[in-house]
Structure formats: C-alpha cells, structure tokens
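> Sequence plus predicted model, see below.
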Amino acid sequence: MKTIRPLLLCLALSALPAAAAAQTDTDFKLGENFAAVKTFSFGTSVPGDQTRGSTTYDSPLIMERTNAAVAAALESRGLRRDDRNPDIYVTARRSFKKETVVYPDYAWGVGYPYSWGWSYGYAWSAYAYEIVVGTLTVDLNDAATGNLIWRGTTEKRVHQTSSPEHRTRRINKEVTKVFEDFPWRDASHDD
C-alpha cells in the first residue's frame, strides 16, 4: 500500500497541467428576440480591459485578426455587417494574467518497483514556472439600448513565441469555440 499512494499522488499531480486547457463559457439575455437581429457592427473596446505590452497577443494586429474571425463567425450564422445602422454592437477584448504551474519531477531510483524502493530510490522534487493565460471576451450589445444581450468567453494559455500564422489559427479556433453555443442558426440551414 505504501507504493501505491505516492504513485497515485504523482499521477494526480501530472494531470494538473491538463486543467490549463481552454475553458469556454457563454451567457445570453433571456427573452431576447435573437431572430430580429440581422446586422452587426464593431464597437470600441474599453481601454482599461487590456494589459498592453505584456505579450504579443495584446497588439492591435491580434485584435484585427480577432475581429475578422468574429465577423466571419457572425456572417456564417446569417448576420451581415452594417456600420451605419446595426442591430447589435460587437466588442471583443483580451486580458492576461500570469499563473504558476508546478510539475512533479519523476526521479526513479534503484529500488523501483519494490516496496523498499520508494523510500530509498524515489526522490520527490518538483519544478515550477510562470505561464501567461489569456482571456478573450466577446460582448454583443443591443444597438438601440446599449444592453448586453450575449457574452462569450474563452481562457487559454498564451504561447508568446508563436509565428503569426500559428496565432491566426489559434485565434480562429478560439472564436469558433466561443460561438459554438451561439443562439442563432447557421446560415446554411436557412430555407
């Protein structure tokens, strides 16, 4: 039994980094007539919502790619962009935070797998490092009232050394994930 507990502890700790996978959530205003929404335009982002200069993901280039991916997601659901008289305003913004991740270091010794090997041959150690986690928030506000009618968020680790092409693919995946539970039907299903 002494050998199983440390093994289970190591397995549990090794699963912790998987918890850093993308987390997505959406919410919408109950009773809203989403069928009446036909057009959209982009609103301006709130200036205090982004941490400028901390990653390559908080640049205007990334926001440009994000807005293009959001526009494509909305257009694929039958909405069209109308900057003069939109039904909704779309606001996409990013925020960032640093988190510390601890990984167990497996140092197997002479005694493994025998029961006396855990105390003699297994050296427990761990290493930690900081990661940057980015949150993408997409808000849809009623153009007439300014009220929030839909919000989608996703949170995922930011790879600061990615190529621009990889960042674009990553942004497209993020936006696709955010709009998975979107209340409008896909335009290809319209009669």
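Right, received. Where do you want to start?
> any idea how far Asn85 is from Ala143?
Here the criterion is C-beta to C-beta, to the nearest Å. By it, Ala143 lies 8 Å from Asn85. No exception for glycine: its C-beta is placed from N, CA and C like everyone else's.
> low-scoring stretches of this structure, by residue?
Where the chain drops to pLDDT under 70, the residues are 1-22, 45-57, 105-125, 185-191.
> mind listing the helices for it?
Chain-ordered helices for the chain, with DSSP state H as the definition, fall at 4-14, 60-75, 117-121, 164-178.
> Apart from its chain neighbours, what residue comes closest to Thr66?
Using C-beta to C-beta, 6 or more residues apart in numbering and skipping the chain neighbours, the partner closest in space to Thr66 is Ala92 (5.1 Å).
> Tyr103 too?
Spatial nearest neighbour of Tyr103, excluding adjacent residues (C-beta to C-beta, 6+ apart): Tyr127 at 5.7 Å.
> I'd say the one you found and Val102 touch.
Yes. Taking C-beta atoms under 8 Å as the definition, Tyr127 is a contact partner of Val102 at 7.4 Å.
> Just give the number of residues close to the residue nearest to Pro164 when sequence neighbours are not counted.
The shortest distance from Pro164 to any non-neighbouring residue, by C-beta to C-beta, 6+ apart, is to Leu61 (7.7 Å). Counted with other C-beta atoms under 10 Å, the neighbours of Leu61 add up to 13.
> list the contacts for Lys38?
The neighbourhood of Lys38, defined by C-beta atoms under 8 Å, 6 or more residues apart in numbering, consists of Gly78, Leu79, Arg80, Asp87.
> Dig out what Phe96 forms beta bridges with.
Taking DSSP bridges as the rule, Phe96 bridges to Gly134.
> How much space separates it from Trp150?
Plainly put, Phe96 is 23 Å away from Trp150 if you go by C-beta to C-beta.
> ditto for Ser95
Applying C-beta to C-beta, the value for Ser95 to Trp150 is 19 Å.
> Compare neighbour counts for the two and give me the winner.
Neighbours per residue (other C-beta under 10 Å) separate Ser95 from Trp150, with Trp150 holding more: 23 against 16.
> Tell me what that one is bridged to.
In beta-bridge terms (that is, DSSP bridges), Trp150 pairs with Phe28, Leu140.
> Identify the residues contacting it.
Contact analysis of Trp150 by C-beta under 8 Å, 6+ apart lists Thr26, Asp27, Phe28, Lys29, Glu32, Asp139, Leu140, Phe182, Pro183.
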